[in-house]
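Visitor: Got a predicted structure plus its sequence, pasted below:
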Amino acid sequence: MFKVYKAELVKLKRASLSLSTLASVLFITGLSTSLLFLLVDSPEGNGREGVRITRETLELATGLSLSFSNAAGLLGIVALCIFAAQTAQEYTYGTLRNLLVRQPSRMKVLIGKLMAMKLFALVIVISAGLFTFALSYLFAGVKDISTQSWGSTDARIDIARTFINVTIATIGYGIFGMILGLLFRSPVTAISIGVIWNLIIEGLLSIFVTDLARYFPGQLLSTVALGGTEEISYQYSLFTSYGFLLVSMIIVAILFKRRDVAN
Amino acid sequence: MKTAIDVRDLSKKYGDRLAVSHANFSVPMRSICGFVGPNGAGKTTTIRMLLGLITPTTGDGHVLGEEISEPENYLPRVGAMIEGPAFYPALTGKQNLMVLAKIGGFDTDLVQGLLEKVGLGDRGDSKYKTYSLGMKQRLGIAAALLPNPKLLILDEPTNGLDPAGIQEVRALLRQLADDGATIFVSSHLLSELEMICDHLVMLREGKVIFAGKTTQLLAAQQPVVIARPENSKDLSKLAEIAKSLGHETNILDDAVHVKGEKNFAAELNKAAFAAGITLSSLAPVQASLEETFFEMTGE
């Protein structure tokens, strides 16, 4: 398992993947942070789905971590794409047969890959967090928003809590991507279905059908990143989303273990 | 006799189609065994079953003395290249081998030496996607050698290689066999296999039609006498003479091919002379593996 983990890191560390991922993560978090702060006085709103987050809210101890938790959904999509691609490309490149000849225990292959990708997701989240916090201070200065309470103990606790929640949510999205990768065995199909499901199907249905967000894994993971909402509690969203992922993962792991490697 | 591979009644069924049907064969330790058959005969399916990649529908077998249902017991001692090389295009040749060395728990210091062994010493830092087909094939062979294998299973290892590359692979396989490894190799280059293999397993439509020593197979084939008349107009007449002497005859490439032992050449020469036919050449030849293969598989 640790051997697979170490081997997977060789693939994840390659410059083309790590730099392009870093660039997309910085772009997403930069966009989210700049919109939050630069549109603070806009009547059109500056948060998710046109929600208005006021100066007073941003000046609170929780203000520093707001843009970070807001970007979690998009960070999750990046993780979903990477987990799905790294898993499904073993089939399309035909490299799965090499892996399984060198490590016949399929469960060890699966767990080793997942561990390495979780570490990669953690690096994504840390990079995104540091960039968001730096930009938040920068834009707060530009928009004359007080950052006095951002250095308080409450703020530090909130940052730690947000960091943990965003990490849990991002890894959850990644696991969802891995499940799709194992199921569809094609990076293009797995990523397309994952992105369409999360951004379009879940997003649209949740807007038009009341209470449906309580049952969608993507929506629940976004709620985890936010630390819960007024409608859906943190505990409910965490246990329901990870319960869904656990059951799905067990099913695809059984399929992966039993399925012939014929390509 | 100790066997490296021993399968009994091994079958694989996909829906209604039997890809491999009740295969029985064994490969002795330290031998070079060719695995031949037309496309779709079931060679790759058999190899995949031996490597634990697909589960047999029925039957069992042993590889290096271990049950094929427990591949983790023997795969650390097996090197394999199945259905051509498969690597990550964005990684270099060296990184690709590092990935496999780490998974297998092999010494990563071996990687550079293996690249040099297969002639890729100076291209190890190039990305795999920039490799030619021959280079990809060489990298596949290097990957198969990572575990310092007791058994090497290679599926078409010379595919895409130039004549010099084919010769190098042949020499490498001989060297590995001399060092004590068993080699199980499938190839369409039957003349190559004839040169290096001491054993053969032949498949047709999923069934094993021969498994044994190469010399046994070739000796079982009747030799052919090839007679070429000076005047090609005499071809039919010469064929009739050979037939009248009780031999199976074919006309191929301006020559009459007659199935018969070496000493039949003299008899045919006399008969041709008596009929006023001058022969420009007359040669008894042993059937090659290629001819035997075509005859046995009906290709």
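Guide: Done, it's in. Bear in mind that the values here come from a model prediction, so they are computed numbers and not experimental data. Numbers count the residues shown, from 1 in each chain, chains lettered A, B, ... in the order given.

Visitor: The closest residue to chain B within chain A in helix, strand or coil?
Guide: Residue of chain A nearest chain B, by C-beta to the nearest C-beta: residue A:94 (3.3 Å). For the C-beta atoms, the positions are set from N, CA and C on the backbone; glycine is no exception. Three-state call for residue A:94 (DSSP: H, G, I helix; E, B strand; the rest coil): coil.

Visitor: ok, and the closest non-adjacent residue to it?
Guide: Sequence neighbours aside, residue B:86 is the residue nearest to residue A:94 in space, at 3.3 Å (criterion: C-beta to C-beta, 6 or more residues apart in numbering or on different chains).

Visitor: Spell out which parts of the stretch 1-150 of chain B neighbour chain A.
Guide: B:48, B:51-55, B:71-72, B:75, B:78, B:80, B:82-84, B:86-91, B:95, B:98-100, B:102-105, B:143, B:146 (C-beta under 8 Å from any C-beta of the partner chain).

Visitor: For burial, what's the neighbour tally of residue B:284?
Guide: 18 (other C-beta atoms under 10 Å in any protein chain shown).

Visitor: C-alpha coordinates for the lowest-mean-pLDDT helix or strand in chain A, PDB please?
Guide: In chain A, the helix or strand scored least confidently by mean pLDDT, DSSP states H and E is helix A:203-208, which has a mean of 79. Provided in PDB are the C-alpha atoms of helix A:203-208 (Å, rounded to 0.1, in the frame of the first residue of the first chain):
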ATOM      1  CA  GLY A 203     -26.900  23.300  -8.900                       C
ATOM      2  CA  LEU A 204     -30.000  23.800 -11.000                       C
ATOM      3  CA  LEU A 205     -32.200  21.200  -9.200                       C
ATOM      4  CA  SER A 206     -31.200  22.600  -5.800                       C
ATOM      5  CA  ILE A 207     -32.400  26.100  -6.900                       C
ATOM      6  CA  PHE A 208     -35.700  25.000  -8.300                       C
END
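
Visitor: Give the buried residues for that helix.
Guide: Buried residues in helix A:203-208, counted by 16 or more other C-beta atoms under 10 Å in any protein chain shown: A:203, A:206.

Visitor: rewinding a little: can you flag the buried ones in the residues of the stretch 1-150 of chain B next to chain A?
Guide: Using 16+ other C-beta under 10 Å as the threshold, B:48, B:51-54, B:71, B:75, B:78, B:80, B:82-83, B:86-88, B:90-91, B:95, B:98-100, B:102-104, B:143, B:146 are the buried ones among those.

Visitor: any idea how chain B splits into domains?
Guide: B:3-219, B:222-297 (automatic domain parsing).

Visitor: what's the spacing between the residue of the stretch 1-150 of chain B at minimum distance from chain A and residue A:184?
Guide: The stretch 1-150 of chain B approaches chain A most closely through residue B:86 (3.3 Å), counting by C-beta to the nearest C-beta. Distance, residue B:86 to residue A:184, by C-beta to C-beta, to the nearest Å: 19 Å.

Visitor: pLDDT score for residue B:85?
Guide: We have a pLDDT of 88 for residue B:85.

Visitor: That one sits in which helix or strand?
Guide: Under DSSP states H and E, no helix or strand contains residue B:85.

Visitor: mind checking how far residue A:236 is from residue B:270?
Guide: From residue A:236 to residue B:270 the distance is 101 Å (C-beta to C-beta).

Visitor: and those two? which has more neighbours close in?
Guide: residue A:236 (15 against 10).

Visitor: buried residues in the helix or strand hosting that one?
Guide: Element membership for residue A:236, per DSSP H and E: helix A:234-258. Residues A:237, A:238, A:240, A:241, A:242, A:244, A:245, A:248, A:249, A:252, A:253, A:256 are the ones in helix A:234-258 that count as buried (16+ other C-beta under 10 Å).

Visitor: Going by contacts, tell me the helices and strands next to it.
Guide: helix A:106-142, helix A:153-184, helix A:217-226 (3 or more C-beta pairs under 8 Å, 6 or more residues apart in numbering or on different chains; DSSP states H and E).

Visitor: and the second one, average pLDDT?
Guide: Per-residue confidence for helix A:153-184 averages out to 94 on the pLDDT scale.

Visitor: what distance separates that helix from the middle of the whole chain?
Guide: Distance of helix A:153-184 from the chain centroid (C-alpha atoms, centre = their mean, to the nearest Å) equals 5 Å.

Visitor: quick one, that helix and helix A:234-258 angle?
Guide: 30 degrees (axes from the mean of the first three to the mean of the last three C-alpha atoms, to 10 degrees).

Visitor: okay, and for chain A, where does confidence drop off?
Guide: Applying pLDDT under 70 to chain A flags residues A:48-50, A:263.

Visitor: Up against chain B, what does it have?
Guide: A:3-4, A:6-7, A:10-11, A:14, A:16-17, A:89, A:93-95, A:97-105, A:258, A:260-262.

Visitor: Quick one: buried ones out of those?
Guide: A:3-4, A:6-7, A:10-11, A:17, A:89, A:93-95, A:97-104, A:261.

Visitor: Please list all residues in contact with the residue nearest to residue B:115 when sequence neighbours are not counted.
Guide: Spatial nearest neighbour of residue B:115, chain neighbours left out: residue B:124 (4.4 Å); criterion: C-beta to C-beta, 6+ apart. Contact analysis of residue B:124 by C-beta atoms under 8 Å, 6 or more residues apart in numbering or on different chains lists B:92, B:93, B:94, B:111, B:112, B:115.

Visitor: Right, I'll leave it there.
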